[in-house]
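K.L.:
Sharing a model prediction with you, sequence too.
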Amino acid sequence: MGKGRTAIWTGLGLAAATVAVATLAPERLLAAEFARQRMLAGARRFAIDVGDHRWRYLDTGGVRPRRSGLRHGQPQAVPRKPVVVLVHGFTGSKENWLPLLRELSGEFRLIAPDLPGWGESQRRAYADYGVEAQVQRLATFLEALPAITGREGPPDLLVGHSMGGQIAGLLAARHPHLVPRLVLMSASGVLFEANAFGASVLAGENPFGVANRVQLKRYFDIVFHQPPTVPWPFSEALIQRRRVDAAFEDGVLADIGRGPSAFALERELGAIAAPTLLLWGAEDQVIDPSAAAIFAAGLRESRTILLNGCGHMPMMEHPRETANALRNFLA
């Protein structure tokens, strides 16, 4: 057989193998895509045991924590950059921050964890993953941060998106020594003006539920002003992941959206001493931009930025504008 024919058959074999992987294990191709995005963002993936959970996180300037001495690893000597911790929202993960990491990784030490129960972080059977439990877990993670960053003290900036904003805000109110500066991005936790999403949640529904392609499209239509096109097999991997997490998501949403602590943050805003940036998409269909005014009225010191042409995911839909907002706030 000639070289040309061999190359043809080799190429066909590789194509068939790729199709097989895409069909039988689309999650593997999605993981490969995330690895590519991490490389572009200058981020690496790490794990650390904090409290009773194993956390997975992205870090744009870190080395793997050593295990000798401290339970959480010994601090590592690394160049000094402002440390920014980024906390994802409901149905989200650390990968939501990759577009923003790509914009800022040369300037800041960016650490983006998967909250316990979400993404690649540990989920324990029968554990509580409601807002109150996650506030305490995040506080413990920030207290263990020296094992990751190699320097004492809290991060220079804590950024919370959506549910992550609700958690970060309560943490700032209750543990002010851990949050010198705060960004609440499309944050939940206050009773904003009624919209379709909020009414659905209060009625006991999960408008974010995804079990098929139609619902995946609806999900993207809700969270983005200009929804991205997600090609197969990545779309199939996302659908499979969301099917598996359906019961978990329903339980968490019941707590953060209509449980006893759903609007605790609104009641505790006055306890937040940290200067706060309120960053919203002007077309947010999830947490209505009216929430920003409620936050501003209750906080001691805040400024508000509305991004035009942006929905619920500023760090993904407008990463450059989001990066500029964080730069200016830290400056």
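P.N.:
Perfect, I can see it now.

K.L.:
need the helices for the stretch 51-200 of the chain, in chain order.
P.N.:
Taking DSSP state H, counting those that start in this stretch as the criterion, the stretch 51-200 of the chain contains helices spanning 98-104, 131-143, 146-149, 163-174, 196-202.

K.L.:
Packing partners of the last one?
P.N.:
When you say that, I think you mean helix 196-202. helix 246-258 (3 or more CB pairs under 8 Å, 6 or more residues apart in numbering; DSSP states H and E). For glycine as for every other residue, the C-beta is placed from the backbone atoms N, C-alpha and C.

K.L.:
swap in the third one?
P.N.:
Counting contacts by 3+ CB pairs under 8 Å, 6+ apart, helix 146-149 packs against strand 44-50, strand 109-113.

K.L.:
just checking, next helix/strand downstream of the helix or strand of the chain with the lowest mean pLDDT?
P.N.:
None of the helices or strands of the chain scores lower by mean pLDDT, DSSP states H and E than helix 3-24, at a mean of 43. Sequence-wise, the next helix or strand downstream of helix 3-24 (DSSP states H and E) is helix 26-41.

K.L.:
That next one - what's its average pLDDT?
P.N.:
Model confidence over helix 26-41, given as mean pLDDT, is 94.

K.L.:
Tell me the buried residues in it?
P.N.:
Within helix 26-41, the residues that qualify as buried are 26-27, 29-30, 34, 38, 41, counting by 16 or more other CB atoms under 10 Å.

K.L.:
Next: stretch 137-146.
P.N.:
137-146.

K.L.:
mean confidence score for it?
P.N.:
Averaging pLDDT residue by residue across stretch 137-146 gives 97.

K.L.:
Using PDB, list the CA coordinates for that stretch.
P.N.:
The C-alpha coordinates for stretch 137-146 follow below in PDB (Å, rounded to 0.1, in the frame of the first residue of the first chain):
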ATOM      1  CA  ARG A 137     -17.000  26.800  53.800                       C
ATOM      2  CA  LEU A 138     -15.800  29.800  51.800                       C
ATOM      3  CA  ALA A 139     -14.600  31.500  55.000                       C
ATOM      4  CA  THR A 140     -12.500  28.400  55.800                       C
ATOM      5  CA  PHE A 141     -11.100  28.400  52.300                       C
ATOM      6  CA  LEU A 142     -10.100  32.100  52.600                       C
ATOM      7  CA  GLU A 143      -8.500  31.400  55.900                       C
ATOM      8  CA  ALA A 144      -6.500  28.600  54.300                       C
ATOM      9  CA  LEU A 145      -5.400  30.900  51.400                       C
ATOM     10  CA  PRO A 146      -1.800  31.400  52.600                       C
END
